[in-house]
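>>> Predicted coordinates and the sequence they were generated for:
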Amino acid sequence: MNCRACPRAKMTKIPTLTYDSELQCGPVRVALVWGLGLPGCPRTATFPAYLSDLLAKVRSAGEKFWAPGRKQAVRAMLRFGSYKPSGRSKPSSEYLFAAALAHEFPLVNPPVDVNNAVSLQWGFPASIFDLELCSPALLLRRGMAGESYVFNQSGQSIDLEDLICVCRAESGVWVPFGNPVKDSVATKVKDSTRNVIAVIYAPAAEPITDLEGAAAHFAELLAMECGASAGGWSLP
């Protein structure tokens, strides 16, 4: 495991992630990022400077902002079996890019805003969760037939069959709670969240230096923009 962590980080609290055998040499490589000791996660009222600057660069460059082939590579990473990454099933990074160009980029709370900014900058889907609601060990696997979870407060659900999913252990069973499209409402960051864990999903064939850069910048922003007292990142 390649790992960079703040010396004050309480590593015993940081989940580990393993790949299901089907994905060990598969299409995806992930990074874990964590931030500890947040002062709180109140709703964001105005765009922070780092995000405003990024949005201006995206709008100026347009479709040329991402590395050549990045959009196609991410879609190929998700395309498997019955899962087709298009329309409402497209990667979250594409939704954010379209929202940026349309001047409709969402503001949520500081950690989620950081997550979305990193995803937008590198073109990789990313998920962020309340660390206290995750199990110590995480598993990356494909969703199975019949699996789903609710992804918003309105009760809408997403079918997970064949989709790459992050799972937590519950009573000896691996239960999905995140993926590169939509995350479960059960583990989302809320006002009272103090510790967060994030997953960045990158195509295995894309430069590993891009994933490392995204993870390092993510950890930096959690400290500088969200007030995390400790944090770090790793490539499981």
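Cool, got the structure. Residues are numbered from 1 along each chain as shown.

>>> CA only for contacts and neighbour counts going forward, please
Noted.

>>> List the buried residues for the longest helix belonging to the chain?
For the chain, the longest helix by residue count, based on DSSP state H, is helix 208-224. For helix 208-224, burial by neighbour count (16 or more other C-alpha atoms under 10 Å) applies to 211-212, 214-223.

>>> And for stretch 76-83?
77-80, 83.

>>> Counting by contacts, list what the longest helix of the chain packs against.
Helices and strands touching helix 208-224, by 3 or more C-alpha pairs under 8 Å, 6 or more residues apart in numbering; DSSP states H and E, are strand 28-36, helix 110-122, strand 196-203, strand 230-235.

>>> and the last one, what does it pack onto?
Meaning strand 230-235. Looks like strand 230-235 contacts strand 2-5, strand 28-36, helix 208-224 (3+ C-alpha pairs under 8 Å, 6+ apart).

>>> secondary structure class for the closest residue to Gly178 other than its chain neighbours?
Among residues not flanking Gly178 along the chain, Val166 sits closest, at 5.0 Å (C-alpha to C-alpha, 6 or more residues apart in numbering). State at Val166, reduced to three classes by DSSP: H, G, I helix; E, B strand; the rest coil: strand.

>>> and Val166, bridged to which residues?
Beta-bridge partners recorded for Val166 (DSSP bridges): Leu140, Gly178.

>>> So it sits against Val181, correct?
No - when contacts are counted by C-alpha atoms under 8 Å, Val166 is not listed as touching Val181 (11.5 Å).

>>> ok so, going back, which one, of the helices and strands packed on helix 208-224, ends up nearest to Gly172?
Judged by C-alpha to C-alpha, the one of the helices and strands packed on helix 208-224 that comes nearest to Gly172 is strand 196-203, at 21.4 Å.
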